[in-house]
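S.K.: with the sequence up front, the predicted model follows.
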Number of protein chains: 2
Amino acid sequence: MSQTTLPGLALCNNAMLRRATRKLGQFYDDVLAPSGLKATQQGLLYQIHIGNEPTMGAIAAALVMDLSALGHTLKPLIRDGYIETFSDPADRRIRRVRLTSQGRIKLEEALKLWQVAQQRFEEMFGKEQAASLRAALDEIAALDFDVPPAAS
Amino acid sequence: MSQTTLPGLALCNNAMLRRATRKLGQFYDDVLAPSGLKATQQGLLYQIHIGNEPTMGAIAAALVMDLSALGHTLKPLIRDGYIETFSDPADRRIRRVRLTSQGRIKLEEALKLWQVAQQRFEEMFGKEQAASLRAALDEIAALDFDVPPAAS
DNA sequence: TTTCAATGGTGGCATATGCCAATAATTCGT
DNA sequence: ACGAATTATTGGCATATGCCACCATTGAAA
């Protein structure tokens, strides 16, 4: 009877977010499977595609992702020949990323599948509700939890 | 100009969900850091705590998580002495999980920090909005994307 | 220009998650 | 009771993500 009395983790915003992410991620991954890409990879390719040979830092910032995490995540995509990186001639610390022609083809293929997943999900969840959910999620991603000390 | 014309990934429900999860996860993790637990681990300890010596399968189902993933995630917690598993006497295939006394203490400690994170987030995002967000996320976790073939 | 702090990445290590192929323990049909 | 089908886990391998330490390059100060 304990479990009916205690609050459960349904109150934790973070836990609920992760749980829904697992669920939705599996669905998008399933639909994208025929392309051989995971949803995260497709998103990454797309982000690179819409950027203008973006820098790693720019991509990481756009995705609210740790720079080193991004680096790790790019590796399989580089290995599989979908993207390539190159140093910015003006500042050799900077590395820019772009799709290879193979990457462009693969992205196009994956986008078709993505549309299927996206549509199917919104059909079940509600297009309106999906839009407001995305808005809320965007707000969260933009929140500025003030960094602790920052003794300037 | 490409990037101002093309839709960006803000339309992808899955990508937005992941992005928000990264952001919020980092925040909760930061706040929980003094306890030495990640937010995922705290959530797991809590889930075990409110269950009645739950089975691995029950926990995985509640969290909409792959059973093997759960197994992997439990390892550090077992290693650190916060939880322990034991076979169900009635069905030795089943393994049940429970907190150790050390785990109960650690969970209590982490819960205090969790409240701080939870409160701070809701203060910024809005208590009402957080509640409806959780409701939406719960709905997603409960969706039944009909499994493909299932030729019964 | 010599030096040094700041910027941008990479590599190592650890957790989070998933899929698939064993394994072990049960259950069931005959 | 025996062997097939089922159930509950574990282990191996791969991606997703983060933190921290370290290296290369710049830009600014002395």
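M.R.: Structure received.

S.K.: tell me which element residue A:96 is part of?
M.R.: Using DSSP states H and E, residue A:96 falls within strand A:91-99.

S.K.: what's that strand packed up against?
M.R.: For strand A:91-99, the elements it packs on are helix A:39-50, helix A:56-62, strand A:83-88, judged by 3 or more C-beta pairs under 8 Å, 6 or more residues apart in numbering or on different chains; DSSP states H and E. No exception for glycine: its C-beta is placed from N, CA and C like everyone else's.

S.K.: name the residues that touch the longest helix along chain A?
M.R.: The longest helix of chain A (DSSP state H) is helix A:101-125. Helix A:101-125 is touched from outside by A:24, A:27-28, A:30-32, A:34-37, A:39, A:42, A:45-46, A:48-49, A:77, A:81-83, A:99, A:130, A:133, B:11-14, B:139-140, B:143, B:145, with contacts defined as C-beta atoms under 8 Å, 6 or more residues apart in numbering or on different chains.

S.K.: and stretch A:8-17, is it in reach of chain B?
M.R.: Yes - using C-beta under 8 Å from any C-beta of the partner chain, we find that stretch A:8-17 touches chain B at A:8, A:9, A:10, A:11, A:12, A:13, A:14, A:15, A:16, A:17.

S.K.: quick one: contacts for the last one?
M.R.: Contacts of residue A:17 were listed using C-beta under 8 Å, 6+ apart, and they are B:17, B:20, B:21, B:24, B:25, B:137.

S.K.: point out where chain A drops to low pLDDT.
M.R.: Flagging of chain A using pLDDT under 70 yields the residue ranges A:1-6, A:147-152.

S.K.: try 50 this time
M.R.: Applying pLDDT under 50 to chain A picks out residues A:1-4, A:149-152.

S.K.: returning to that earlier point: with secondary structure added, can I get the contacts of residue A:17 in a markdown table?
M.R.: Formatted as a markdown table, the contacts of residue A:17 follow (DSSP: H, G, I helix; E, B strand; the rest coil):
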| residue | secondary structure |
| --- | --- |
| B:17 | helix |
| B:20 | helix |
| B:21 | helix |
| B:24 | helix |
| B:25 | helix |
| B:137 | helix |
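
S.K.: show me how to select, in ChimeraX, the buried members of those.
M.R.: The following ChimeraX line selects those of those that are buried, judged by 16 or more other C-beta atoms under 10 Å in any protein chain shown:
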select /B:17,20,21,24,25,137
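
S.K.: in the contacts of residue A:17, find the pair that's most separated.
M.R.: Pairwise distances across these peak at 13.7 Å for B:25 and B:137 (criterion: C-beta to C-beta).

S.K.: which positions in chain A make contact with DNA strand D?
M.R.: Residues of chain A found near DNA strand D (C-beta under 7 Å from any atom of the strand) are A:38, A:40-41, A:64-66, A:68-69, A:72-73, A:76, A:79, A:91-93.

S.K.: for residue A:36, see how far away residue A:7 is.
M.R.: 42 Å (C-beta to C-beta, to the nearest Å).

S.K.: so residue A:141 makes contact with residue A:61?
M.R.: No - taking contacts as C-beta atoms under 8 Å, residue A:141 lies outside contact range of residue A:61: 10.9 Å.

S.K.: more neighbours: which of those two?
M.R.: Between residue A:141 and residue A:61, counted using other C-beta atoms under 10 Å in any protein chain shown, residue A:141 has the larger neighbour count: 19 against 13.

S.K.: what's the distance between that one and residue B:27?
M.R.: 11 Å.

S.K.: do the same with residue A:51
M.R.: Distance from residue A:51 to residue B:27, counting by C-beta to C-beta: 26 Å.
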